[in-house]
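*Asks:* sequence unknown, structure follows:
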């Protein structure tokens with residue numbers, strides 16, 4: 001059975017997230033949806049709304065990101081997947097990030113740590129972070145996230161034994177020592193930075209600050225268009241978004 005949700009309704013590319021809960025909910029552009037009815041359906045079932053047919057699915061990360069509310073720059077799945085995999089984040093992991101923003105990376109981390117894990121998310125600007133909280137609530141992942149309003153410099157110092165820390169900040173090298181103390185032995189630090197001069201400072205700080213296996217990558221994504229008459233790369237691609245730098249605490 002589909003259970004308590006959240007659910008994704010897909011009408012051939014037109015997707016909407018229906019948040020968890022009881023009773024009805026009014027979804028902009030779709031109207032009033034009876035969540036009790038959804039609970040009775042198996043995933044993959046058809047649902048008719050206002051004369052249109054939709055498929056009912058359990059949402060995966062790409063669905064959550066496709067339908068998420070965007071107010072600040074977001075971390076795309078091409079980068080968040082690398083962060084999760086290379087930092088070894090999985091069920092039961094306890095991780096921290098700074099900052100929350102629109103919550104796209106937070107959702108990826110929360111899905112990865114599972115019900116037994118925890119994400120500590122630090123955000124200085126409540127105006128921006130409010131969007132991230134909304135995305136976490138509608139995706140049903142808010143219970144896995146502790147949102148800390150304030151500067152990560154102070155908050156990270158109160159944590160210890162973390163499996164990974166992700167810093168989406170302009171000057172992450174100023175937090176290298178704080179992050180090292182918050183990580184368990186072998187835990188990972190990842191920085192998300194748009195420019196090469198920032199990467200240089202961040203990597204040097206890791207190398208000088210008790211981290212090993214330090215390296216940086218850039219992820220480029222290009223769709224392959226498959227047609228009846230042939231296969232070709234798409235004209236557009238997801239190029240530079242950020243440089244990802246990783247380091248393992250000694």
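*Replies:* Now that the structure is in, tell me what you want to look at. Predicted model, so just to flag it, every value in this text is computed and none were measured.

*Asks:* check the gap between the nearest residue to residue 115 once chain neighbours are set aside and residue 27 for me.
*Replies:* Closest residue in space to residue 115, ignoring its immediate chain neighbours: residue 144 at 7.0 Å, by CB to CB, 6 or more residues apart in numbering. (Glycine included, C-beta is placed from N, CA and C.) Note on residue 144: its distance to residue 27, by CB to CB, to the nearest Å, is 24 Å.

*Asks:* who's more crowded, these two?
*Replies:* Each of residue 144 and residue 27 has its neighbours counted (other CB atoms under 10 Å); residue 144 has more, 20 against 15.

*Asks:* need the contact list for the more buried one.
*Replies:* Shown in contact with residue 144 (CB atoms under 8 Å, 6 or more residues apart in numbering): 110, 113, 114, 115, 117, 118, 119.

*Asks:* and these as JSON lines, adding neighbour count?
*Replies:* Below are the contacts of residue 144 laid out as JSON lines (neighbours: other CB atoms under 10 Å):
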{"residue": "110", "neighbour count": "26"}
{"residue": "113", "neighbour count": "24"}
{"residue": "114", "neighbour count": "13"}
{"residue": "115", "neighbour count": "9"}
{"residue": "117", "neighbour count": "19"}
{"residue": "118", "neighbour count": "19"}
{"residue": "119", "neighbour count": "28"}
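
*Asks:* and the residue most central in space within the chain, how far from residue 166?
*Replies:* Note on the chain: the residue nearest the mean C-alpha position is residue 105, at 2.3 Å, using CA atoms, centre = their mean. Residue 105 sits 7 Å away from residue 166, going by CB to CB.

*Asks:* need the overlap of contacts for the two.
*Replies:* 83, 97, 192.

*Asks:* which ones among these lie within helices?
*Replies:* Among the shared contacts of residue 105 and residue 166, the residues falling in helices (DSSP state H) are residue 83.

*Asks:* so which residues make contact with the helix or strand of the chain at the bottom of the mean pLDDT ranking?
*Replies:* Lowest by mean pLDDT, DSSP states H and E among the helices and strands of the chain is strand 7-11, with a mean of 83. If you take CB under 8 Å, 6+ apart as the criterion, strand 7-11 is touched by 15-18, 30, 33, 38, 47, 49, 52-59, 63, 67.

*Asks:* these, buried ones only, as a ChimeraX selection?
*Replies:* Here is the ChimeraX command that picks out the buried ones among the contacts of strand 7-11, judged by 16 or more other CB atoms under 10 Å:
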select :15,16,17,18,30,33,38,47,49,54,56,57,59,63,67
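
*Asks:* next helix or strand past the least confident helix or strand of the chain?
*Replies:* Remark: after strand 7-11, the chain's next helix or strand is strand 14-18, criterion DSSP states H and E.

*Asks:* quick one: strands adjacent to the helix or strand following that next one?
*Replies:* Remark: after strand 14-18, the chain's next helix or strand is strand 24-27, criterion DSSP H and E. With DSSP bridges as the test, strand 24-27 is paired with strand 31-34 (antiparallel).

*Asks:* what's the mean pLDDT across the strand it pairs with?
*Replies:* Strand 31-34 shows an average pLDDT of 87 in the prediction.

*Asks:* how far does that strand sit from the chain's center?
*Replies:* Offset of strand 31-34 from its chain centre (CA atoms, centre = their mean, to the nearest Å): 27 Å.

*Asks:* how about it, which residues are buried there?
*Replies:* residue 33.

*Asks:* contacts for it next, please.
*Replies:* Taking CB under 8 Å, 6+ apart as the rule, strand 31-34 contacts 9, 18, 23, 24, 25, 26, 27, 49, 50.

*Asks:* at 10 Å instead, please
*Replies:* Applying CB atoms under 10 Å, 6 or more residues apart in numbering, the contact partners of strand 31-34 are 7, 9, 16, 18-19, 23-27, 40, 47, 49-50, 54.
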